[in-house]
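1. Predicted model follows, preceded by the sequence.
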Amino acid sequence: MDKRALSRIPRPTITAAHMQFAKLVPNMEYLVTAEQATVNGTDTLTLNFFGKEKKGMDLNASFRVFCQKNDYISQDLTQEKIRWKTGALDYLAGYIYWQRNSGNICIASEDEQQLIYQKMMEWQGIAGPNPYALPTDAVDEYQGKIKERRLAKRHQEEKDRIDARMAKFGELPGDYNMFVEETVFKDENYIFYSLQKKTAYCTKCKHHFIIDGKKHLIGDGIPIWNDRDIVKHNKTVRCPWCNSYLQCKSVGMGRQGLMAVKWSVLLQKDGEDVLIRYFRHVRDFRGDFYKPKVDSTEMFRTIHTAEKAEDYEWYRFKSTYEIRWCYPKGRNWGYFQPSEYDVPRSVALYNQDLKAAVEGTCMKYSSIDLYVEHVLDDGRGGSKPWFVDWYFNAYRRSPFLEQMLKVGFYKMTREFLEDHNAPELANGRSILDTLGINKIQYNMLRRLKDPSLRDLEILKYKPGLSWDDFNTLRYIKDGGHYRMYRKFGDFMQYTTLHKLTRYISEQKISHEHDYFDYAEWTEKMGYDMHNEFNLFPRDFKRAHDARMREYEKFKDKQEREAAKRFNILLKKLKEETADVEALNLRAGSLFIRLPREIEELKAEGEVLHHCVGTYSEKVRKGETMIFFIRLVAEPEKPFYTLEWKGKVAQCRGFKNCDMTPEVKAFVDIFEKKMQEYESIPGKKRRKAGRNGR
């Protein structure tokens, strides 16, 4: 539709007759007028909707709908600027539209009503008497058919895009069915037997056997037998021919549960793109167990390009009933996984030579073969059904995975891929750049054969370690403390690792953090940390308890001195700002003031359940300022707490609640006056913590 030409049609006006109509129909919500015009040679019907005010009888132009034979569009009339809407009437009019039988939507005249009927029937090719109860019913059906055509067009465009990508997938390898039989279902076989007929059959090697009088399996015309296992329903016995241990199933028993679901994955290539295909295989023994039915369906596909991965799924397309390739719903199902019939739990990998499978593609340097051979639980991917996609996606983000695999750092690769707390690594030009270490440190890692990320972190945290010290730190257990090796490494400035570990062992200190608590207290109180008398007391438990009591007294003294300095600072600050209007602001029922002493900060945080009690050090250092907003009627009761850092950083009430409109207006006034005060040239002002430093 030509929107520019439509916008030039004059906006509808409200006449006296329309106003009179509105007064006669009290429950009317919309008054509709209709007019016919030709726009660029196209027959156009315009429906103008006038909404009635909630209070009173006045009408206002709400929107208008331009209708042509094959399309419609609406214009918002509540704004001067042209604004288009594509929604149908049931959306634009909302819940009122569904109550139109009660007269909430009225057509202005009989002629306009007939015009709507005529155009709707003409454009839909309806001849004969009018089949619609209301004009809005006719518009409903007209817009519904157009929406169906629009939706079908969008669907077809999407299907065409998908089909173009699916054309990249070719035929299956000629031996794929054999792979399914021999590899995918290798563990899904049975020995079916009949004691009445004295015969048995192995579904794996497809050989027949005779059951002797002792219920042993004997080859039928073949000199082989199993004279140890007795054939019994649901009992596992060894097949004399293929030596497989299989479960016995009596032919006379029900076989309703004998159906296996397995999955396989196939890698192919198309130019530089890698194609991943997931197949669901169902093997059904419920019918003829000599020829079990095998049904294979390709359920998922992924196209890996150098830039991204494209996922597709064999599923119902949109809200239609057509089963075809479509964009997937997603592979993150959360805790409740779909059944194995819908998504794989594990997969069997067809490609034995993965290096050849990706040769010449965007993944040619990915080392997927090394990843599958050394990093996965087993060569088929174990319990990782999407392992190929996951690895390719990770490699696309982190190409350095190739370096780590090629130098044999398999454990490090696994940890990086699977641990969400793994450290970030750079995409360096070499393995040294990637790991952020030097050649000596790299050789120490190589000496470990298969190092971990923790080994790397130790070397990076404490550069220059000798091999013996590095090996010692590696075997230090964290013992519930995050990265305990760091505490040992830090204390190498005072002593050697050998002395430290020997002392902890001799003193039978079961929790290493007990020792480092003791050492930290000793260090903070100013003791000489190079003196072994302080580092290694003869009786650690006794020294630990005594030092703890001493440190508590030391800490209490420090807090008292800090509180004294803080209170002196607040007193001076209050004296210097006694004439500042912003700091003595009172408006309406609110006023603002500075804290009088440090205890007030703690009490403020406890009453209002927020963390202002921890801000005393920041205030003392001049990093921030804290103000109390109080109600005039309750001047001593905490109400709101404000932080000032050249502007209002935050203002919080009980449990960090936001400001009420009254408090927000008060804070806006305070902020304006503070900024006016701080902008006065030549005015000497004191930072909150200058005297406290």
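-> Yes, it's here. Every value quoted in this text rests on a predicted model; they were computed, and no experiment measured them. Residues are numbered from 1 along each chain as shown.

2. now whatever helix or strand residue 470 lives in: mean pLDDT?
-> Using DSSP states H and E, residue 470 falls within helix 467-474. Helix 467-474 carries an average pLDDT of 94.

3. quick one, helices of the stretch 1-150 of the chain?
-> Secondary structure of the stretch 1-150 of the chain (DSSP state H, counting those that start in this stretch): helices located at 3-7, 16-24, 89-92, 110-123, 135-166.

4. where does this protein dip in pLDDT?
-> 54-57, 331-335, 377-383, 479-482, 576-577, 682-693 (pLDDT under 70).

5. According to the record, where do the domains of it fall?
-> Here the domain assignment for the chain is 3-149, 176-326, 354-485, 486-538, 562-692, based on automatic domain parsing.

6. I'd like these written out as CSV, with distance to residue 546 and mean neighbour count added.
-> For glycine as for every other residue, the C-beta is placed from the backbone atoms N, C-alpha and C. Shown next, in CSV, are the domains of the chain (distance: least, C-beta to C-beta, whole Å; neighbours: other C-beta atoms under 10 Å):
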stretch, distance to residue 546, mean neighbour count
domain 3-149, 77, 15
domain 176-326, 63, 16
domain 354-485, 23, 17
domain 486-538, 9, 15
domain 562-692, 25, 15
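
7. Present those domains as JSON lines; the columns should include distance to residue 165.
-> Listed next are those as JSON lines, based on distance: least, C-beta to C-beta, whole Å:
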{"stretch": "domain 3-149", "distance to residue 165": "25"}
{"stretch": "domain 176-326", "distance to residue 165": "6"}
{"stretch": "domain 354-485", "distance to residue 165": "16"}
{"stretch": "domain 486-538", "distance to residue 165": "50"}
{"stretch": "domain 562-692", "distance to residue 165": "49"}
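
8. how far out from the middle of the chain is stretch 116-129?
-> 52 Å (C-alpha atoms, centre = their mean, to the nearest Å).

9. Oops, could you answer that again for stretch 254-261 instead?
-> 38 Å.

10. CA atoms of it as PDB?
-> Only the C-alpha atoms of stretch 254-261 are listed here, as PDB (Å, rounded to 0.1, in the frame of the first residue of the first chain):
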ATOM      1  CA  GLY A 254       5.800 -61.000  25.900                       C
ATOM      2  CA  ARG A 255       8.200 -58.600  24.100                       C
ATOM      3  CA  GLN A 256       6.400 -55.300  24.600                       C
ATOM      4  CA  GLY A 257       9.500 -53.600  26.100                       C
ATOM      5  CA  LEU A 258      12.000 -54.900  23.600                       C
ATOM      6  CA  MET A 259      12.500 -51.700  21.700                       C
ATOM      7  CA  ALA A 260      15.800 -49.700  21.800                       C
ATOM      8  CA  VAL A 261      16.400 -46.000  20.900                       C
END
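
11. can you pull the contacts of residue 201?
-> If you count contacts by C-beta atoms under 8 Å, 6 or more residues apart in numbering, residue 201 has them with 191, 192, 193, 207, 208, 209, 289, 290.

12. Can you verify it is assigned to a strand?
-> Yes - per DSSP: H, G, I helix; E, B strand; the rest coil, residue 201 lies within a strand segment.

13. For it, list each beta-bridge partner.
-> When assigned by DSSP bridges, residue 201 has beta-bridge partners residue 192, residue 208.

14. As a markdown table, the helices of the stretch 1-150 of the chain with distance to residue 581 would be great.
-> Shown next, in a markdown table, are those (distance: least, C-beta to C-beta, whole Å):
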| stretch | distance to residue 581 |
| --- | --- |
| helix 3-7 | 55 |
| helix 16-24 | 55 |
| helix 89-92 | 53 |
| helix 110-123 | 66 |
| helix 135-166 | 63 |
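
15. coming back round to it: nearest to residue 158, of the domains of the chain?
-> The minimum distance between residue 158 and these falls on domain 176-326, with 8.0 Å, by C-beta to C-beta.

16. can you give me the helices for the stretch 501-650 of the chain?
-> With DSSP H, counting those that start in this stretch, the ranges of helices along the stretch 501-650 of the chain come out as 512-524, 532-535, 540-576, 598-608, 616-620.

17. My error: substitute the stretch 351-500 of the chain in the last question.
-> 354-357, 368-370, 387-397, 401-406, 410-418, 431-435, 439-447, 453-461, 467-474, 484-490, 497-506.

18. Now do the last one: which elements does it pack against?
-> Packing partners of helix 497-506 (3 or more C-beta pairs under 8 Å, 6 or more residues apart in numbering; DSSP states H and E): helix 467-474, helix 484-490.

19. Kindly report the same for the fifth one.
-> Secondary-structure packing of helix 410-418 (3+ C-beta pairs under 8 Å, 6+ apart): helix 387-397, helix 401-406, helix 453-461.
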